[in-house]
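Peer 1: got a structure for you, letters missing:
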């Protein structure tokens, strides 16, 4: 894992929340331009901003927004599985995550078609956004002319069954799943999930390359929010984080930045 790439993408993830809170407005990092935004129907059935695509001269970023309430519903709301029909042999994936991704897929693919096929693509997301990023990465690898995306997720729940995980692990060479051992969300859904209505068992696994972190930021929410992940990572390269966060001002999550060395 490249710590500076992880810091940059964690900051990008934080702006996906600002996109929702700001009515579609958010800050774009220096050197990048907005390719476009996309929506999906949330679990309340209402369309909402769920992410965006950014592009620089060197790379592109597809970012998916998460939700602050993942731990409330990921274990018991639509946690049964459906076929991941976008990829042959893609296994079974979480019904709720797959429904949300399906709602954003057409818009997302239209935005990605605007990118040069040779440009490196990073796919990222925090929380629920990490689950959507995982689904999207396999889909993009199988169904676009783009090179296999590089994936960085933060505090992502499990997404699919062992067949899906094997397909993802084969198709995506570069993937880092960053998780705080004190964050409850990466432990959900459970490895074995029993549907209380259908009395059926479903099996979940994580995709490869866990990057384990350990921080405690004051309870369930504090251990999960993207700002806590950013602050933990920033401790490894505080001068870079401080410099990156200065342009444009305020685009990173709040953290205790040091003075930048001249």
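Peer 2: Nice, thanks for sending it over. Note that the coordinates shown come from a computational prediction; the quantities given were computed from them, not determined experimentally.
Peer 1: Tally up the residues packed near residue 176, please.
Peer 2: 20 (other C-beta atoms under 10 Å). Quick note: C-beta positions are derived from backbone N, CA and C, even for glycine.
Peer 1: Now it: closest residue in space, sequence neighbours ignored.
Peer 2: residue 1 (4.6 Å; C-beta to C-beta, 6 or more residues apart in numbering).
Peer 1: Quick check: pLDDT value at that neighbour.
Peer 2: Residue 1 carries a pLDDT score of 94 in this model.
Peer 1: Could you report the separation of it from residue 65?
Peer 2: Residue 1 is 22 Å from residue 65, where distance means C-beta to C-beta, to the nearest Å.
Peer 1: Which one of those two is surrounded by more residues?
Peer 2: residue 65 (25 against 14).
Peer 1: Does the more buried one touch residue 15 like I think?
Peer 2: No. Using C-beta atoms under 8 Å, residue 65 makes no contact with residue 15, being 9.2 Å away.
Peer 1: Any idea which helix or strand in this protein has the lowest mean pLDDT?
Peer 2: Ranked by mean pLDDT, DSSP states H and E, the weakest helix or strand in the chain is helix 70-73, scoring a mean of 52.
Peer 1: so after that helix, what's the next helix or strand?
Peer 2: Counting by DSSP states H and E, the next helix or strand C-terminal to helix 70-73 is strand 81-83.
Peer 1: in that next one, what counts as buried?
Peer 2: Across strand 81-83, burial judged by 16 or more other C-beta atoms under 10 Å covers 81, 82.
Peer 1: and that strand, how far out from the chain's middle?
Peer 2: A distance of 20 Å separates the centroid of the chain from that of strand 81-83, by C-alpha atoms, centre = their mean, to the nearest Å.
Peer 1: contact partners of that strand?
Peer 2: Residues from elsewhere that reach strand 81-83, judged by C-beta atoms under 8 Å, 6 or more residues apart in numbering: 90, 91, 92, 93, 94, 95, 98, 160, 161, 202.
Peer 1: who's in contact with the helix or strand that comes right after it?
Peer 2: Elements were assigned by DSSP H and E; along the chain past strand 81-83, the next helix or strand is strand 92-94. The contact list for strand 92-94, computed with C-beta under 8 Å, 6+ apart, reads 78-79, 81-84, 131, 135, 157-161, 163-164, 189, 202, 204.
Peer 1: repeat that for 10 Å
Peer 2: Under the contact criterion C-beta atoms under 10 Å, 6 or more residues apart in numbering, strand 92-94 has outside partners 74, 77-87, 98-101, 131, 134-135, 138, 157-164, 188-189, 193, 202-204.
Peer 1: on that earlier part again, spit out the residues that contact residue 65 and residue 15 alike.
Peer 2: Counting by C-beta under 10 Å, 6+ apart, the residues touching both residue 65 and residue 15 are 51, 52.
Peer 1: can you give me the strands in the stretch 101-250 of the chain?
Peer 2: Under the criterion DSSP state E, counting those that start in this stretch, the stretch 101-250 of the chain contains strands at 121-126, 150-154, 175-180, 192-194, 201-203, 210-213.
Peer 1: how much space is there between residue 20 and residue 144?
Peer 2: Taking C-beta to C-beta as the measure, residue 20 falls 26 Å from residue 144.
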